[in-house]
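Enquirer: Everything below, folded, please.
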Amino acid sequence: DFTGDKRYTLSEATKNILDDLDDPVTVTAYFSEDLPPQIAKARSDFKDMLIEYANASDGNVMYEFVNPNKDDKTEKEAMQAGVRPVMINVREKDQAVQKKAYLGAVVKYGDKTEAIPFMQQGAAMEYDLSTAIKKLTVEDKPPIGFIQGDGEPSLNEMQQAVQALDVLYNVDPVTLTDTTNLQQFKTLCLIAPTDSIPEAHLQMLDKYLANGGNLYIAMNRVEGNLQRSMGYAVNTGLESWLQKKGLTVENSFVTDAQCGKVSVRQQQGTFTFNTQMAFPYLPIASNFKKSPITQGLEEVIFKFVSPIDYTGDSTLHYQPLVLSSDKSGKQALPVYFNIQKKWHENDFQNPDLTLAAMLSGKIDGPKNSRIILIGDGDFAINGAGQQAHQQQPDNINLMVNSIDYLSDDTGLIALRTKGISSRPLKTIDDSTKTLLKYLNFLLPILLIVAFGIFRTQRNRMIRYKRMRDDYI
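Expert: Residues are numbered from 1 along each chain as shown. I've put the predicted structure just below:
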C-alpha cells in the first residue's frame with residue numbers, strides 16, 4: 001500500500017473494534033448500479049473494504065449489496081433504513097441528465113441498526129463503517145460534560161462535534177451548582193463563555209482537577225466585530241483563573257500570512273461585485289507538534305485567536321500542540337480592521353505562536369490532571385438557526401481528538417484523521433518567485449544555446465578531421 005493515507009490498509013483502531021465483536025455484524029450496502037465510472041468506483045472500493053473487514057473479523061462481518069433502483073419496494077426500504085439518494089449528472093445519448101443514485105449502507109448488530117446515509121469515497125469509508133460498528137457494539141459509554149450557564153453555546157450549536165463524540169461517550173450538559181457531582185465525568189468541556197464566571201464555579205473546577213479530572217477549554221480572549229470593523233477584549237474571569245496555573249491567554253489578536261478570506265463588496269461604476277480578500281485575522285494553522293491529538297491533522301482555521309504562553313511551575317509538563325506559521329504576528333488592543341490594507345512581511349514579526357497547548361501533572365492537588373487550552377472558543381462551533389454553518393473537518397477533529405485524549409480513549413483518533421484532503425503549496429517569498437520566474441524563462445534558452453555551441457564545435461571538428469590527408 002503506497003498511498004499517502006494508507007487507504008487500502010485497515011488501521012489498528014478498526015482491527016481492535018473487530019477483535020471485540022461478540023456477535024456477527026451485517027452490512028447491507030445500498031448502491032445503485034450503472035453509474036458513471038468515477039462514482040461506480042466507490043462501490044468497488046467499499047466492496048473491497050468489506051472483504052478486508054470480513055477477513056480481519058474471522059467472518060464476523062457479513063455483507064450484501066442491494067440495488068435500490070431495481071424496484072419501488074427496495075427503494076422504499078433503503079429510504080426507511082436511513083439511506084438517502086443523491087442527484088448526480090450523467091450523460092445519456094449525448095445529453096446531460098440528472099439521475100438518482102444511492103451510495104449508502106445500513107449496519108446491523110443484534111437488534112440495533114446504524115445507517116450511513118452517504119458513503120464518501122476514499123479513506124473516509126473506513127471511518128464511517130468502523131464508527132458505525134463501534135457505536136452499535138459499545139455498551140457502557142463514559143459521560144462527558146459540557147458546562148452551561150455562563151454564556152456557553154448549547155449542544156445544538158456544536159452538532160458536528162457532538163455527533164462525533166456520541167460514538168464513544170454520553171454527551172451531557174452540566175450546570176454548575178452546589179450539588180453537581182463533577183467527578184462522574186471523565187472530561188469537562190468549557191467552551192466560549194461570554195458571561196463572568198462566578199468564583200464558586202471556578203473553585204468547583206479547582207476541586208475537580210485536584211481529584212484527577214481533565215478539562216478541555218476553548219476560550220475567546222478577544223472578539224472581532226466585522227460590522228463595526230473593530231476588535232475588543234473578552235473578560236470572563238477564566239483568564240485570571242488560568243493565569244494562576246501559569247497559562248496565559250494574551251489579550252491580543254494573532255495575524256498570519258497563511259490565512260482565510262472574507263468576501264468584500266466592491267463597486268466599479270454601476271456594477272457591484274464581491275471579491276475574496278485575504279484576512280490575516282483568520283489564521284490557517286498547519287504547524288502541528290507531534291501528538292496523538294494532532295496526528296493526521298492538516299489545516300485548522302481559527303477565527304480571531306489569541307496566543308498562549310506558559311509561565312508556571314517547571315514541575316508541570318507544558319506541551320504546545322498547534323502553532324501559527326513562520327509568518328505570523330500579534331496585534332494588541334485596540335484593533336481596527338482595515339480590509340483593504342496591504343500586508344507586508346514586516347507585519348509578521350512573531351513566528352510560531354502557540355494557539356493550542358496542553359498542561360499536565362499535579363495542577364491543583366495530589367492527583368495528576370490535564371488541561372487542554374485553545375485560544376479560540378468558536379473554531380468548532382456550528383451555530384444555530386440562520387447563523388448555522390458547516391465547520392472544516394479538521395476543526396472538529398482537533399476538538400474531538402483532544403477530548404478523546406483527555407478521556408483516555410484514543411482508539412479512533414488515527415482513524416478519524418485518516419485521509420489526505422489538502423496538500424497546499426509551500427509559501428515562498430517574492431524574491432524567490434522572481435528568481436524562479438527568470439530561471440524558468442532563461443534556463444531553457446541557455447540550454448539550447450549551449451547545445452547549439454556544442455553541435456557547432458562537434459561538426460567543425462568532424463569537418464577538419466575529414467579534410468586531413470590521412471583520413472580514411
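Enquirer: any idea which residue sits dead centre in the chain?
Expert: For the chain, Asp394 is the residue whose C-alpha lies nearest the centre (Cα atoms, centre = their mean; 0.2 Å).
Enquirer: other SSEs contacting the strand or helix carrying it?
Expert: Using DSSP states H and E, Asp394 sits in helix 393-406. Here helix 393-406 touches helix 159-165, strand 187-191, strand 214-218, strand 300-301, strand 369-374, helix 413-416, going by 3 or more Cβ pairs under 8 Å, 6 or more residues apart in numbering; DSSP states H and E. C-betas here are computed from N, CA, C, even on glycine.
Enquirer: Please spell out which residues along the very next helix or strand once past the second one are buried.
Expert: Right, strand 187-191. Remark: after strand 187-191, the chain's next helix or strand is helix 199-210, criterion DSSP H and E. The neighbour-count criterion (16 or more other Cβ atoms under 10 Å) identifies 201-202, 204-206, 208-209 as the buried residues of helix 199-210.
Enquirer: now swap in stretch 142-151 and tell me
Expert: Buried residues in stretch 142-151 (16+ other Cβ under 10 Å): 144-148, 150.
Enquirer: and which of these is nearest Asp429?
Expert: Phe146 (43.7 Å; Cβ to Cβ).
Enquirer: Now do the SS call for that closest one.
Expert: Following DSSP: H, G, I helix; E, B strand; the rest coil, we place Phe146 in the strand state.
Enquirer: pretty sure it is touching Phe185, no?
Expert: No - applying Cβ atoms under 8 Å, one finds Phe146 not in contact with Phe185, separated by 9.5 Å.
Enquirer: Quickly list what's touching both of the two.
Expert: Listed as contacting both Phe146 and Phe185 by Cβ atoms under 8 Å, 6 or more residues apart in numbering are 172, 174.
Enquirer: Got the confidence number for Gln319?
Expert: Per-residue confidence at Gln319 stands at 96 (pLDDT).
Enquirer: tell me the contacts of it?
Expert: Contacts of Gln319 by Cβ under 8 Å, 6+ apart are 289, 291, 357-360.
Enquirer: distance of Phe146 from Ala380?
Expert: From Phe146 over to Ala380 the distance is 12 Å, taken as Cβ to Cβ, to the nearest Å.
Enquirer: Also Asn235?
Expert: On the measure of Cβ to Cβ, Asn235 and Ala380 end up 22 Å apart.
Enquirer: what about those two, which has more around it?
Expert: Ala380 (25 against 11; other Cβ atoms under 10 Å).
Enquirer: Mind checking what secondary structure the closest residue to Leu436 other than its chain neighbours has?
Expert: Closest residue in space to Leu436, ignoring its immediate chain neighbours: Ile428 at 7.8 Å, by Cβ to Cβ, 6 or more residues apart in numbering. Of the three states, Ile428 takes coil under three-state DSSP.
Enquirer: Phi first, then psi, for Ala42.
Expert: Main-chain dihedrals, Ala42, degrees, to the nearest 10: phi -60, psi -40.
Enquirer: Below-threshold pLDDT in the chain: ranges please.
Expert: For the chain, applying pLDDT under 70 flags the ranges 3-6, 92-94, 120-123, 266-271, 409-412, 414-427, 472.
Enquirer: Helices of that one, start to end?
Expert: Counting by DSSP state H, one finds helices in the chain at the ranges 12-19, 37-56, 72-81, 124-137, 159-165, 199-210, 238-243, 393-406, 413-416, 430-467.
Enquirer: Tyr318: which of those helices is closest?
Expert: helix 238-243 (12.4 Å).
Enquirer: Could the C-alpha coordinates of the closest one be exported in CSV?
Expert: Extracted C-alpha coordinates of helix 238-243, given in CSV (Å, rounded to 0.1, in the frame of the first residue of the first chain):
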residue,chain,number,x,y,z
LEU,A,238,-11.5,32.5,33.2
GLU,A,239,-8.3,34.2,32.0
SER,A,240,-7.3,35.2,35.6
TRP,A,241,-8.1,31.6,36.8
LEU,A,242,-5.9,30.1,34.2
GLN,A,243,-3.1,32.6,34.8
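Enquirer: want to throw the helices and strands packed on helix 393-406 into CSV with distance to Met49 and mean neighbour count?
Expert: As requested, the helices and strands packed on helix 393-406 are exported to CSV (distance: least, Cβ to Cβ, whole Å; neighbours: other Cβ atoms under 10 Å):
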stretch, distance to Met49, mean neighbour count
helix 159-165, 20, 20
strand 187-191, 32, 25
strand 214-218, 32, 23
strand 300-301, 28, 24
strand 369-374, 33, 24
helix 413-416, 13, 22
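Enquirer: for the ones you listed, which one sits closest to Lys47?
Expert: Closest among the helices and strands packed on helix 393-406, once you apply Cβ to Cβ, is helix 413-416, at 19.8 Å.
Enquirer: Give me the contacts around stretch 24-42.
Expert: 43, 46-47, 50, 53, 57, 59-69, 78, 81, 83, 88, 90, 99-109, 119, 121, 125, 129, 133, 136-137.
Enquirer: Quick one: buried ones out of these?
Expert: 43, 46, 50, 53, 57, 60-61, 63, 66-69, 78, 81, 83, 88, 99, 101-109, 119, 125, 129, 133, 136-137.
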